[in-house]
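Engineer: How does the following fold in three dimensions:
(2 chains)
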Amino acid sequence: SAVISQKPSRDICQRGTSLTIQCQVDSQVTMMFWYRQQPGQSLTLIATANQGSEATYESGFVIDKFPISRPNLTFSTLTVSNMSPEDSSIYLCSVEEGTLPGEQYFGPGTRLTVT
Amino acid sequence: AQSVTQPDIHITVSEGASLELRCNYSYGATPYLFWYVQSPGQGLQLLLKYFSGDTLVQGIKGFEAEFKRSQSSFNLRKPSVHWSDAAEYFCAVGGRTGGFKTIFGAGTRLFVKA
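Structural biologist: A predicted model of the protein is given here:
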């Protein structure tokens, strides 16, 4: 399975600022996903990032707030813009790989605290 | 509508005891089912997966899950729990129908007592 790394692993940011999270995969993958996991909650899909096209955002998430780049098949970034304390969460990237739709492999996550 | 329900928010078992975590799903077509584990401060790791064939599937770390179509369930089991199994467990349903995206359950936190 793919090995996925994320940077930074954690950060503490002030409200109104932006943070860009990087996701690096050790192999070429078609579909990459960005999730948010709020404290004590399950995973919520923010968007699907496909190389060569605009990211597809889920209901409740917009490009202005969470711009995503996918410059190649091994890398993606998620920016959390104009942050507020409500953005404090763990942000996870994942790739779909394997034999089944929905079979995903996750990065270690980025723990973001907004003060 | 598609959904995944994990009825137990948290479960406590003694080390060495057996474990069963419940998962019920609602999905219009044949589901692709998964269990993931999230240890503290880490991302999710795939434990096991199911689409078709034998309804009892084996996964990593000694876990197994049984698919019961009549009950729309995919419960996770382990015969003897180790302290290192303490973590959050997520059941998920994947698919391809109509652009369906994977849905994760709310999770069950497992506590293991000595």
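Engineer: For the residue of chain A found nearest chain B, which non-adjacent residue is spatially closest?
Structural biologist: Nearest residue of chain A to chain B: residue A:102, at 1.5 Å (C-beta to the nearest C-beta). Yep, even glycine has a C-beta here, placed from its N, CA and C like the rest. Closest residue to residue A:102 apart from its sequence neighbours, by C-beta to C-beta, 6 or more residues apart in numbering or on different chains: residue B:94 at 1.5 Å.
Engineer: what's residue A:3 in contact with, if anything?
Structural biologist: Listed by C-beta atoms under 8 Å, 6 or more residues apart in numbering or on different chains, the contact partners of residue A:3 are A:25, A:26, A:27.
Engineer: Would you mind listing what in chain B touches chain A?
Structural biologist: Within chain B, the positions adjacent to chain A are B:32, B:34, B:36, B:41-46, B:49, B:51, B:90, B:92-96, B:101-102, B:104-107 by C-beta under 8 Å from any C-beta of the partner chain.
Engineer: Strands - which of these land there?
Structural biologist: Using DSSP state E, B:32, B:34, B:36, B:44, B:45, B:46, B:49, B:90, B:92, B:93, B:94, B:104 are the members of the residues of chain B next to chain A that sit in strands.
Engineer: does residue A:16 count as helix, strand or coil?
Structural biologist: coil (DSSP: H, G, I helix; E, B strand; the rest coil).
Engineer: Now do the same contact list for the residue positioned nearest the centre of chain A.
Structural biologist: Nearest to the mean C-alpha position of chain A, by C-alpha atoms, centre = their mean, lies residue A:34 at 3.1 Å. By C-beta under 8 Å, 6+ apart, the contact list for residue A:34 reads A:23, A:45, A:46, A:47, A:49, A:66, A:68, A:76, A:78, A:91, A:92, A:93.
Engineer: Help me confirm that the fourth one comes into contact with residue A:55.
Structural biologist: What it means is residue A:47. Yes - Residue A:47 is in contact with residue A:55 according to C-beta atoms under 8 Å; the separation is 4.5 Å.
Engineer: now, which of the ones in strands among the residues of chain B next to chain A sits nearest chain A?
Structural biologist: Among these, and counting by C-beta to the nearest C-beta, the member closest to chain A is residue B:94, at 1.5 Å.
Engineer: Around chain B, pick out the residues from chain A.
Structural biologist: So far as C-beta under 8 Å from any C-beta goes, chain A lies against chain B at A:1, A:4, A:41-43, A:45, A:48, A:58, A:92, A:94, A:98-109, A:111.
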